[in-house]
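Asks: need a 3D model of the following:
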Amino acid sequence: MTHPFIMQNPKIALEALFRCAVERAHPIHTIREHLPNPPSGKTIVVGAGKAAASMALALDKFWPQDAPLSGAVVTRYGHIPAEASARAGRIAIHEAAHPVPDESSVAAARIMVDLVRDLSEDDLVICLMSGGASALLALPIDGVSLAEKQEITRQLLYSGAPIDEMNLVRQSLSKIKGGQLANACGDAPVLTLAISDVPGDRPEIIGSGPTIPLAAKEGVAAAILDRRVIVLPPGVRQAMLNWESVCRTRAPRNASRDSVRLIATPSQSLLAAAELAKTWGLNAYVLSDCIEGESKDVARFHAEIARAVRAGKSTMQAPCVILSGGETTVTVSDSQSGLGRGGRAGEFCMGLAKALDGVSGVWVLAADTDGVDGCEINAGAFVSPDTLPRAMSNGLSIDDFLLRHDSFGFFDSLDDLLITGPTHTNVNDFRALLITE
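Replies: Numbering: from 1, shown residues only. Sure, this is the predicted structure:
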């Protein structure tokens, strides 16, 4: 029997599923089982990402108090947990900008490189990686300024490029990504502990892989920029090719003692939410943890699935929850840049509300598991059967808001934003469709 609160409070149920998924990915619950024994020498911690501060705090909590531990991580402005200021810890926490790097991102990268210099094989480097690290650790290659890297990043963000393409470009513009941080560690083994925010959980893509060898072949990054019609400042293309050549002719690092462990993944979080839904008497289905594509297109796909379930034309049976993850994109034209307020989760919700067009018995939540959808204060938004009628009664045109990519303004007007604040983890998009009988 379906729990009665599902029908009485579908938004509360959907939010509970989101919070369950987030909690499953929090490093305080996952990092301990992946920690090695302390080495005979020093243990140096470096890291970056939206979850870097909470990862560092969890590591510090479970690392033996009598074993040497020091280091530094960098996270997004405002993403340091409240408890971090209350306890000293042994790992310094810095802040920098996201999604476009700033001078603090460069300073953080330099700190990391300095920390791992002059280490021996008796020492250990633990690198903490999570989504957002690509912007938070920025060390431009020779011939490329920070301002030029910032402009290329902005263009990439508007282009609709998937995360793997973006991070391959970032590797070719960086002296710390694509395994270069590991190269600076000398003879010390490197253990990378990562929270995956990328489709496919590829370690070399998470945070652009500072401790993982360069993923792309020479010229691939330039080809991506050409395909996405990214305008490069003079000299940047040649600087990228020069750097790629240097990386490939340099003597390779002896990585036989290095290792990578994923301490949290999108699939684990989706499965945790599915198990919770089952305890409520719902059927639970996970479509995929790695769905990519334009947000509005992915929304139409989900809407068709919901319609099929409601019509009894699917093997999925209501009452149910349909879950999915991955990373969608929003392509913004030059004339639209700067207009939108919101991110890919909100764009998905607007596209889904339009595609469903008031279909009864379907409630939806889409949110970013880091707690921030785009650059606004919301994690995501809700869609209900009366979303479009309420919008029209308030004089809101969903086509207007879609054209301007203003999901924040649309759902804020309907009081349908999900606002959680930073969650201190990040396993990418979370989408849940609650479908009743």
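Asks: give me the buried positions along stretch 291-300.
Replies: Under the neighbour-count criterion of 16 or more other Cβ atoms under 10 Å, stretch 291-300 has Ile291, Glu292, Glu294, Ser295, Lys296, Val298, Ala299, Arg300 buried. Heads up, the C-betas are built off the backbone N, CA and C, glycines and all.
Asks: direction included, what does the strand ranked longest in the chain pair up with?
Replies: The residue-count maximum for a strand in the chain (DSSP state E) belongs to strand 283-294. The strands beside strand 283-294 in its sheet (DSSP bridges) come out as strand 320-329 (parallel).
Asks: can you list the domain ranges for this protein.
Replies: 4-23+266-435, 27-264 (automatic domain parsing).
Asks: okay if I get the ones you listed as a markdown table plus mean pLDDT?
Replies: Listed next are these as a markdown table, based on pLDDT from 0 to 100:
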| stretch | mean pLDDT |
| --- | --- |
| domain 4-23+266-435 | 94 |
| domain 27-264 | 92 |
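Asks: what are the C-alpha coordinates of the very next helix or strand once past the longest strand of the chain, in CSV please?
Replies: The helix or strand immediately downstream of strand 283-294 is helix 295-310, counting by DSSP states H and E. The C-alpha trace of helix 295-310 is given here as CSV (Å, rounded to 0.1, in the frame of the first residue of the first chain):
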residue,chain,number,x,y,z
SER,A,295,17.8,20.1,-21.0
LYS,A,296,14.7,20.8,-23.0
ASP,A,297,15.2,17.7,-25.2
VAL,A,298,15.8,15.5,-22.1
ALA,A,299,12.7,16.9,-20.6
ARG,A,300,10.5,16.0,-23.6
PHE,A,301,11.9,12.4,-23.4
HIS,A,302,10.9,12.2,-19.7
ALA,A,303,7.5,13.6,-20.4
GLU,A,304,6.8,10.9,-23.0
ILE,A,305,7.8,8.2,-20.5
ALA,A,306,5.4,9.8,-17.9
ARG,A,307,2.6,9.9,-20.5
ALA,A,308,3.2,6.2,-21.4
VAL,A,309,3.1,5.1,-17.7
ARG,A,310,-0.1,7.1,-17.1
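Asks: quick one: list the elements packing against helix 295-310.
Replies: In this structure, helix 295-310 packs against strand 283-294, strand 320-329, helix 344-356, strand 362-368, strand 429-435, with contacts taken as 3 or more Cβ pairs under 8 Å, 6 or more residues apart in numbering; DSSP states H and E.
Asks: so which of those is nearest Ile141?
Replies: Of all the helices and strands packed on helix 295-310, strand 320-329 sits nearest to Ile141, with 25.8 Å by Cβ to Cβ.
Asks: which residues touch Leu137?
Replies: For Leu137, the contact set (Cβ atoms under 8 Å, 6 or more residues apart in numbering) comprises Ala48, Val74, Ser105, Ala108, Ala109, Met112, Ser174, Ile176, Lys177, Leu181, Gly207, Pro210.
Asks: apart from its neighbours in sequence, what residue is nearest the fifth one?
Replies: The reference is to Ala109. Closest residue to Ala109 apart from its sequence neighbours, by Cβ to Cβ, 6 or more residues apart in numbering: Leu139 at 3.9 Å.
Asks: surely that neighbour touches Lys175?
Replies: Yes - between Leu139 and Lys175 there is a contact under Cβ atoms under 8 Å: 4.5 Å.
Asks: which residue packs closest to Lys296, ignoring adjacent ones?
Replies: Nearest to Lys296 is Gly351, by Cβ to Cβ, 6+ apart, at 3.7 Å.
Asks: nope, Ala194 is what I was after
Replies: Closest to Ala194 by Cβ to Cβ, 6+ apart is Met129, at 4.2 Å.
Asks: how close does the one you found get to Gly209?
Replies: Going from Met129 to Gly209 by Cβ to Cβ, to the nearest Å gives 8 Å.
Asks: is Ala355 in contact with Ile305, as I believe?
Replies: No - using Cβ under 8 Å, Ala355 makes no contact with Ile305, being 10.7 Å away.
Asks: any idea whether the spatially closest residue to Ala21 that is not a sequence neighbour is helix, strand or coil?
Replies: Distances taken as Cβ to Cβ, 6+ apart put Ser269 closest to Ala21, at 3.8 Å, once the chain neighbours are dropped. Classification of Ser269 using DSSP: H, G, I helix; E, B strand; the rest coil returns helix.
Asks: now do the helices in the stretch 151-300 of the chain.
Replies: Assigned by DSSP state H, counting those that start in this stretch, the stretch 151-300 of the chain shows helices spanning 163-172, 180-183, 220-227, 236-249, 266-279, 295-310.
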